[in-house]
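Enquirer: here's my sequence, what's the structure:
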Amino acid sequence: MLKKLIVVLILAVSLFAKMEFSEPKPSFENPRKWLIKLNTDDIDKVNQTLSTINNVLKIYPDTTLNIVVVVYAKGMRAIKKDYDKKTLSRIQSVMEYGVEFVGCINTMDSMHWKKKDFIKDISYVQAGIAQVIEKVAGGWYDITPF
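Expert: Numbering: from 1, shown residues only. Next up is the predicted model:
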């Protein structure tokens, strides 16, 4: 009984815990910029990434967080139309909240894939790794959840 009470108290406290943002606090004019690299088609890792994105989106007020997922190598498979339908639905769901997915043309070329093979609303760059380098140089936080 005591264990159940402690668990309930911990859950109650965590529900009402307030996030302390560092200065300068995130705002529309100064949003946090989060870069995620997706270079795997492992369904568990892809879904863990999506769960983490969803959890973080719950913390930040609207328009105070920009998220870009740079997809390259085996990760490109995860945004193809023939990938797991439930996972693709989750990807499209986070995209509705402004999360940008950027695909690698070099990977597409090496695999003989075309843009029509991928879900809609994907942005593309020639080299995914070069995009990562430029985002980091531009002040984006490079944090990949897995």
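
Enquirer: C-alpha from now on. contacts and neighbour counts both.
Expert: OK.

Enquirer: show me the strands in this protein, by range?
Expert: Using DSSP state E, the strands found in the chain span residues 32-38, 65-71, 100-104, 123-125, 141-142.

Enquirer: so Gln126 makes contact with Val102?
Expert: No. Because the distance of 10.0 Å does not satisfy Cα atoms under 8 Å, Gln126 is recorded as not touching Val102.

Enquirer: who has more neighbours out of those two?
Expert: When Gln126 is set against Val102 and neighbours are counted by other Cα atoms under 10 Å, the residue ahead is Val102, at 23 against 14.

Enquirer: so the more buried one bridges to which residues?
Expert: Legend: beta-bridge partners of Val102 under DSSP bridges are Val70, Ser123.

Enquirer: circling back: make TSV from the strands of the chain and add mean pLDDT and distance to Lys25 to it.
Expert: Supplementary listing: the strands of the chain in TSV, determined by pLDDT from 0 to 100; distance: least, Cα to Cα, whole Å:
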stretch	mean pLDDT	distance to Lys25
strand 32-38	97	9
strand 65-71	97	11
strand 100-104	98	22
strand 123-125	98	29
strand 141-142	96	15
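
Enquirer: how about CSV for these, with distance to Ile59 added?
Expert: Formatted as CSV, the entries for the strands of the chain read as follows, by distance: least, Cα to Cα, whole Å:
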stretch, distance to Ile59
strand 32-38, 12
strand 65-71, 10
strand 100-104, 18
strand 123-125, 26
strand 141-142, 16
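
Enquirer: mind listing what Phe146 touches?
Expert: Taking Cα atoms under 8 Å, 6 or more residues apart in numbering as the contact definition, Phe146 lies against Lys45, Gln48, Thr49.

Enquirer: out of the residues you listed, which are inside helices?
Expert: Under the assignment DSSP state H, the contacts of Phe146 contribute Lys45, Gln48, Thr49 to helices.

Enquirer: around the last one, how many other residues sit close by?
Expert: Counted with other Cα under 10 Å, the neighbours of Thr49 add up to 20.

Enquirer: what is the neighbour count of the residue lying closest to Gly128 once chain neighbours are set aside?
Expert: Of all residues not flanking Gly128 in the chain, Cys104 sits nearest, at 4.7 Å (Cα to Cα, 6 or more residues apart in numbering). Counted by other Cα under 10 Å, the residues lying close to Cys104 total 22.
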